[in-house]
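> How does the following fold in three dimensions:
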Amino acid sequence: MATFLFTPLILFLVLLEIFISVRYDKHFYSARDSKANLFLGCCYIFTDILSRGFGLLLLTVFYFYGAHLVSSPNHMIVYWVSLVLLEDLSYWFMHRMDHRIRILWAGHIHHHSSKEFNFTVGLRSAVFEPIEKFFFFIPLAVIGYRPLDIGLIYILAQGWGTFVHTKTINKLGILEYFFTTPSHHRVHHGTNARYLDKNYGMFLIIWDKMFRTFQAEDPNEPVIYGTVKDVKYKNYFDIIFNEYGQIIKDTKQNIPFKEKMQYIFGPPGYKHDDVKRQDSIASIKKISLLQDPPARQASKIVK
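Numbers count the residues shown, from 1 in each chain. A predicted model of the protein is given here:
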């Protein structure tokens with residue numbers, strides 16, 4: 001929906017960014033990547049259209065049986081400001097879970113799979129996010145925010161989220177303290193060690209600063225875009241479903257059920273062999289210290 005509303009502006013910005021890229025030889029775009037971005041954007045719209053009815057029905061049920069704590073018509077300013085804040089916080093939490101729980105990461109990874117960063121990457125949306133978001137917004141409906149209002153704020157915030165996908169805009173002064181800016185979001189898409197799992201906010205950056213997931217962009221450390229694991233995708237559909245296939249492959253290993261669940265609900269990059277290896281190394285170090293206490297080791301060094 002947001003894509004339809006903001007299409008003229010997005011198209012203008014894409015063309016402007018292409019002009020700047022060509023004029024100043026910046027190489028912001030490649031035809032192959034841009035085609036993938038547009039395809040995934042269309043898939044997102046398709047999923048959004050199919051899931052919207054179910055999502056609104058789900059929120060309506062929880063709204064109908066909810067507490068109605070904030071729906072007073074006499075406090076509309078408080079209602080809308082609090083909705084913006086709480087919905088953005090809900091999105092921040094959902095976005096962080098997308099990066100910390102592998103089954104959710106499987107539906108989000110293709111948004112990060114581009115090695116470029118431009119306005120069309122903003123269209124490279126997580127295809128299954130339209131379904132996922134409704135479950136994270138249930139608490140908002142329970143406390144009395146109307147489902148259509150929740151949807152409206154999400155559309156507007158998503159429009160903002162599309163516009164922060166660019167390398168053509170530098171830091172924006174005082175706005176950097178409160179809002180998610182292109183500089184902040186470039187960090188979020190970085191695979192640099194210091195940039196990983198940072199800056200989850202869509203509209204406001206204050207949540208990242210509150211919960212210590214904020215990282216400012218360092219002009220001395222250019223952002224490396226893409227994903228930590230460099231995957232060679234076969235086609236557009238492989239971009240969407242590749243990580244799900246990897247999860248199935250990992251859970252088919254001859255390992256305990258608990259470790260199978262870690263491959264689904266644990267953090268991305270979990271490897272049971274790594275855990276065993278770390279435990280083994282820790283045990284060896286512990287045994288070594290017991291057999292050869294630090295005092296004895298120190299005496300050996302003195303001798």
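
> what's near enough to touch Glu116?
Contacts for Glu116 (CB atoms under 8 Å, 6 or more residues apart in numbering) come out as 28-30, 33, 225. Using the backbone N, CA and C atoms, a C-beta is placed for each residue, glycine as well.

> What about the residues you listed, which are in helices?
Among the contacts of Glu116, the members found in helices (DSSP state H) are Asp33.

> so which strand or helix has the nearest residue to Tyr195 once chain neighbours are set aside?
Spatial nearest neighbour of Tyr195, excluding adjacent residues (CB to CB, 6 or more residues apart in numbering): Val187 at 4.8 Å. Per DSSP states H and E: Val187 is located in helix 182-188.

> Ok, Phe6 next?
helix 2-23.

> thinking again about what came up before, does the residue nearest to Tyr195 really touch Tyr200, like I thought?
No: Val187 is beyond contact range of Tyr200, at 10.6 Å (criterion: CB atoms under 8 Å).

> Can you list the low-confidence ranges for the stretch 151-300 of the chain?
Counting by pLDDT under 70, the stretch 151-300 of the chain contains low-confidence ranges at 275-300.

> For it, which segments count as strands?
Read by DSSP state E, counting those that start in this stretch, the stretch 151-300 of the chain holds no strands at all.

> residue ranges for the helices of it, please.
Along the stretch 151-300 of the chain, the segments classed as helices by DSSP state H, counting those that start in this stretch run 182-188, 206-210, 236-251, 257-265, 272-291, 294-302.

> same for the first one, what does it pack against?
Put plainly, it is helix 182-188. Packed against helix 182-188, as judged by 3 or more CB pairs under 8 Å, 6 or more residues apart in numbering; DSSP states H and E, are no other helices or strands.

> roughly how far is it from the heart of the chain?
12 Å (CA atoms, centre = their mean, to the nearest Å).

> contact partners of it?
117, 161, 163-172, 176, 195, 198-201, 205, 208, 214-217, 223.

> from those residues, which would you call buried?
Among these, those classed as buried by 16 or more other CB atoms under 10 Å are 117, 161, 163-167, 195, 198-201, 205, 208, 214-215, 217, 223.

> In this protein, which residue is most central in space?
Central residue of the chain (CA atoms, centre = their mean): His95, 4.4 Å from the mean position.

> quick one: it is in a strand?
No: remark: His95 does not belong to a strand; assigned using DSSP: H, G, I helix; E, B strand; the rest coil, it is helix.

> Could you measure from it over to His111?
10 Å (CB to CB, to the nearest Å).

> do the same with Leu152
Look at Leu152 and His111: by CB to CB, they are 23 Å apart.

> Between these two, which is the more surrounded one?
Set Leu152 next to His111 and count neighbours by other CB atoms under 10 Å: His111 wins out with 22 against 15.

> Go ahead and confirm the more buried one touches Arg124.
Yes: with contacts counted by CB under 8 Å, His111 reaches Arg124, the gap being 5.5 Å.

> list residues touching both of the two?
In contact with both His111 and Arg124: Leu40, using CB under 8 Å, 6+ apart.

> show me what contacts Ser82?
Val70 are the contacts of Ser82 under CB under 8 Å, 6+ apart.

> Show me how far whichever strand or helix holds it is from its chain's centre.
For Ser82, the host element (DSSP H and E) is helix 76-100. Here the centre of helix 76-100 is set off from its chain's centre by 14 Å, with CA atoms, centre = their mean.

> Please apply the same query to stretch 37-56.
With CA atoms, centre = their mean, you get 17 Å for stretch 37-56.

> got the contact list for that stretch?
For stretch 37-56, using CB under 8 Å, 6+ apart, the contacting residues are 1, 3-4, 110-111, 114, 120-121, 123-131, 133-134, 147-148, 151, 236, 239-240.

> rewinding a little: take the contacts of Glu116 and write them to JSON lines, including distance to Met76.
Shown next, in JSON lines, are those (distance: CB to CB, whole Å):
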{"residue": "Phe28", "distance to Met76": "42"}
{"residue": "Tyr29", "distance to Met76": "43"}
{"residue": "Ser30", "distance to Met76": "47"}
{"residue": "Asp33", "distance to Met76": "44"}
{"residue": "Tyr225", "distance to Met76": "41"}
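
> Quickly check the contacts of Glu116 for the two that are furthest apart.
Longest distance between any two of these is 13.0 Å, between Tyr29 and Tyr225; criterion CB to CB.
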